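*Asks:* Need the 3D shape of this:
(chains A, B and C, ligands or ions: 2)
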Amino acid sequence: MYAEVALNIPIDKTFVYRVPENLVEKLEKGKRVIVPFGRKDFLKTGIITDIKEKTEVNPSFIKEIFDIPDSFPLFTENTLKLAEEIAKRYASGIGETLFFFLPSGFIIDESTYIYLIKDEKVKGKTERDILNFLKEKKGKVKLVTLNRRIKGSVYQAVKNLIRKGLIGKEEAITYPSLPSKKFVSLLKEETVRGAKEKLLIELLKEKKEISVDEIKKSGIKSHTIKRLQEKGIIEIFEKEILLDIKKQELEDKRKITLTSDQKKAFEKITNGKNETFLLYGVTGSGKMEVYLNAAREIVNRGKSVLILVPELLLTPELRARVESYFGENIAVFHSKLSKKELTSQWIKAIKGTTKVFIGTRMALMLPIKDLGLIVVDEEQDVSYKEQQKPLYHARDMAIKRGKIENCPVVLVSATPSVESYYKGITGEYIPLELKKRISEIPLPYIKVVNLSEEKKVGIFSQPLITAIKNTIKKGEQVLLFINRRGFFSSGFCPECGFVAECNDCAVPLVYHKSVKKLICHICGKTYKPVYRCPKCKTKLEFKGYGTERVEEEAKVLFPEGKIIRLDQDSVKDPIRGAKLISDIKKGKYNIIIGTQIASKGHNFPKLTLVAVLLADVGYLLPDFRSSERVFQTIVHTTGRAGRFKPGAAIVQAFEPENPAVKYAREYRFELFYKEEIEARKIFNYPPFSFPVLLEFQLERSSKFKTVESKFNVLKEKLSPYFNVPPLTPAPIPKIAGRYRFTSFLRASSEENLIKGVNLLKNEMQLLFKGIRYKIDVEPVYLL
DNA sequence: AGCACGCCGACT
DNA sequence: GTCGGCGTGCTC
Ligand SMILES: [Zn+2]
Ligand SMILES: [Zn+2]
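*Replies:* Residues are numbered from 1 along each chain as shown, chains lettered A, B, ... in the order given. Ligands and ions are numbered 1, 2, ... in the order given. Below is the predicted model of the structure:
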């Protein structure tokens, strides 16, 4: 008996292992295996992707599976299929893909550790660096970490140092942190005096083992437990637990009568087979009620539900709202959970003890059985695209999963992506429109101010100043949206044109007044501020606006305002961030200056005026979606106003006649889509083409010539599948010290895309060994 | 990816 | 000679 095993190495290949007699019974697809691998037979964690009687591989090369530790698989048959699809579409390997999604708590790997014996003079630079690193670290360091942190031939140098007796090595296994809990059991029966002590012993007589958590619930303090342990009466031990199951009946905590539009959508979804629905309608039209009701119906039929949400939307508020439908028996899944929590949620999925899962894009692969519905909320959100390998799009792969699981998928949005909207028209998706708002409160009136004509004080136009003053006078709140944090873009020299840029990235630095530093928003590197041109000593001029600069101007203009900044910088610390948000809700502030963070997820009841300060900057960026993003920012941000009582919005723009601005203001979304779809068609952008962004990241720009000539050879081979433009410097030509060259390939059909990507992946591997590159299929960021 | 091996210039 | 930097190839 043989098992095909996928390992966490970046080659698109599985490995064949023999299954020993004693493990045949435990053999199952999707299960975790521990196998020896490589020359050193280091133990590695793998996933069984297939089981076979025969194999082509030479029997003398085949090794034996070391262990199958679990009684259950970590991937279902369906999620294994999904992983294969992802690997195929996004130029990734099956092993790479599986291990990208699998929580690291499941991984047991053996590796080499290095430690210092004595420090002596050595000649080689790499050897010196290694000794210094070990001296600084004190203790054992993984060989791989050395290799990552030190440049040069680390492996060679380590070998030499071992031979010289300066360092030592040992092999060790990293143990996984499966969810565990402390338990207590009785060692001997002895009479004790204390009432609490007696109680604990009584409890232990009844039940052999009780978890410390549970003991504490009956009013016994931890020092009591400790004292009995010291006396040798009880014993405390760690025990692996799979999960703590909270069984709860689903009850109608919310009695909501759906409108007729909502009811229609609900019926369509709950009667769905494996269609993709596009559920759309303006803010406040009750989209969430529809999908939560549908989800509850599906759960009542005994099936499970997966709800995907963008990163910033997974707030306690949202969780509470979902809990109001399902009780506490829901599981969240996102990157802020700990290793143990992630493994625990994963197990809940595979065991089927929880029926409702809500998470970010990484929740896509949860091994949920009997999936009856997948929801993708805010389907247009860019955070659904993974930015590391595998560069998958969770919305598109959710649709794929729906087909594999044979269940309906609902895409939800107030402003669908142009691609999804178009597919709603062609019938690929079934459109479900909610035309009316639920409440009587009208949508905010949007006033557009022309920034190139109107009088301004700083960034504030006269109409905006008046509106802000009136709003805070009434005791209500104002949100000022600006799409950048920091103060302003660092200076440029009017004499010689010098611009303060990051040394590693070709982007202007942003001045952050609060920390008095220049910060690169691409790589995060900080610099001391410069005020004079280093070349000609002219005083630098500053331009651009960030939240900090808006805040400073607002303080002068509105001395009566209670102003707060709400951006990544101010909510970095989660505890302080949560406090900030609750303070805003309480009305402690009346002028909120925020970025994306402020325009998503949170409802501020007293907010009645929203302003988009620079609505159409970014409109001219070389990205075919820039217009769509302007449109979405305006609709989403202005939609924050007047959730609870009528509100208004002001949009400041340089070109008010720009369709993205005009149609957002008039709430004539269908006209925006019509024009945008027309433009996409003319210029052959998605949904009319299937792009791949090929990006080289070169250490030296001088390497470009050889890369380019090799690329031109490849170009010919790719031409049956892609339109291949020449390799050119990326719009941001340098990031983190690497020179970026890109080619924006376009396939005319999905079939060509998949075939072409496969060819591209294989050819690139052969042609560009030792060169860093990225194959971004259907990219979201083009800069 | 992680690791070994083999090639080649530089330096005892 | 041989040390150490670097490119190449293999892993069931
Ligand atoms: Zn100058
Ligand atoms: Zn930078």
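*Asks:* Which residue ranges make up each domain of chain A?
*Replies:* Using automatic domain parsing, the domain ranges for chain A come out as A:2-106, A:109-174, A:180-240, A:260-434, A:445-484+A:548-680, A:487-544, A:690-777.
*Asks:* Need the ones you listed in JSON lines (columns: distance to ligand 1).
*Replies:* Using the backbone N, CA and C atoms, a C-beta is placed for each residue, glycine as well. Formatted as JSON lines, the domains of chain A follow (distance: least, Cβ to the ion, whole Å):
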{"stretch": "domain A:2-106", "distance to ligand 1": "45"}
{"stretch": "domain A:109-174", "distance to ligand 1": "35"}
{"stretch": "domain A:180-240", "distance to ligand 1": "62"}
{"stretch": "domain A:260-434", "distance to ligand 1": "36"}
{"stretch": "domain A:445-484+A:548-680", "distance to ligand 1": "23"}
{"stretch": "domain A:487-544", "distance to ligand 1": "3"}
{"stretch": "domain A:690-777", "distance to ligand 1": "21"}
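*Asks:* any idea which of those domains scores lowest on pLDDT?
*Replies:* For the domains of chain A, the bottom mean pLDDT is recorded on domain A:180-240, which sits at a mean of 78.
*Asks:* How far away from the center of its chain is it?
*Replies:* 42 Å (Cα atoms, centre = their mean, to the nearest Å).
*Asks:* Give me every residue in chain A lying close to DNA strand B.
*Replies:* A:9-11, A:38-40, A:42, A:111-112, A:143-144, A:147, A:153, A:155-156, A:159 (Cβ under 7 Å from any atom of the strand).
*Asks:* for the stretch 251-400 of chain A, what spans make up the helices?
*Replies:* All helices of the stretch 251-400 of chain A, identified by DSSP state H, counting those that start in this stretch, fall at A:260-270, A:287-300, A:316-326, A:339-351, A:394-405.
*Asks:* Turn these into JSON lines, including mean neighbour count.
*Replies:* What follows is these, written out as JSON lines (neighbours: other Cβ atoms under 10 Å):
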{"stretch": "helix A:260-270", "mean neighbour count": "18"}
{"stretch": "helix A:287-300", "mean neighbour count": "22"}
{"stretch": "helix A:316-326", "mean neighbour count": "15"}
{"stretch": "helix A:339-351", "mean neighbour count": "21"}
{"stretch": "helix A:394-405", "mean neighbour count": "22"}
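*Asks:* mind giving me JSON lines with those helices and columns for distance to ligand 2?
*Replies:* Converted to JSON lines, the helices of the stretch 251-400 of chain A look like this (distance: least, Cβ to the ion, whole Å):
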{"stretch": "helix A:260-270", "distance to ligand 2": "45"}
{"stretch": "helix A:287-300", "distance to ligand 2": "39"}
{"stretch": "helix A:316-326", "distance to ligand 2": "34"}
{"stretch": "helix A:339-351", "distance to ligand 2": "30"}
{"stretch": "helix A:394-405", "distance to ligand 2": "28"}
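*Asks:* ok, back up a step: please check the residues of chain A next to DNA strand B and keep the buried ones.
*Replies:* A:9, A:111-112, A:143 (16 or more other Cβ atoms under 10 Å).
*Asks:* among those residues, which are within reach of DNA strand C?
*Replies:* Taking Cβ under 7 Å from any atom of the strand as the test, DNA strand C is in contact with residue A:9 out of these.
*Asks:* Filter the buried ones among the residues of chain A next to DNA strand B down to just the ones in strands.
*Replies:* Taking DSSP state E as the definition of strands, those contribute A:111-112.
*Asks:* mind checking how far residue A:396 is from DNA strand B?
*Replies:* Separation of residue A:396 from DNA strand B (Cβ to the nearest atom of the strand, to the nearest Å): 24 Å.
*Asks:* right, and that residue touches residue A:780 too?
*Replies:* No - if you go by Cβ atoms under 8 Å, residue A:396 and residue A:780 don't touch, sitting 11.1 Å apart.
*Asks:* what's the neighbour count on residue A:160?
*Replies:* Using other Cβ atoms under 10 Å, the number of residues around residue A:160 comes to 18.
*Asks:* Quick one: residues contacting the residue of the stretch 601-750 of chain A found nearest ligand 2.
*Replies:* Of all residues in the stretch 601-750 of chain A, residue A:736 sits closest to ligand 2, at 6.3 Å by Cβ to the ion. With contacts defined as Cβ atoms under 8 Å, 6 or more residues apart in numbering, the neighbours of residue A:736 are A:504-505, A:522-523.
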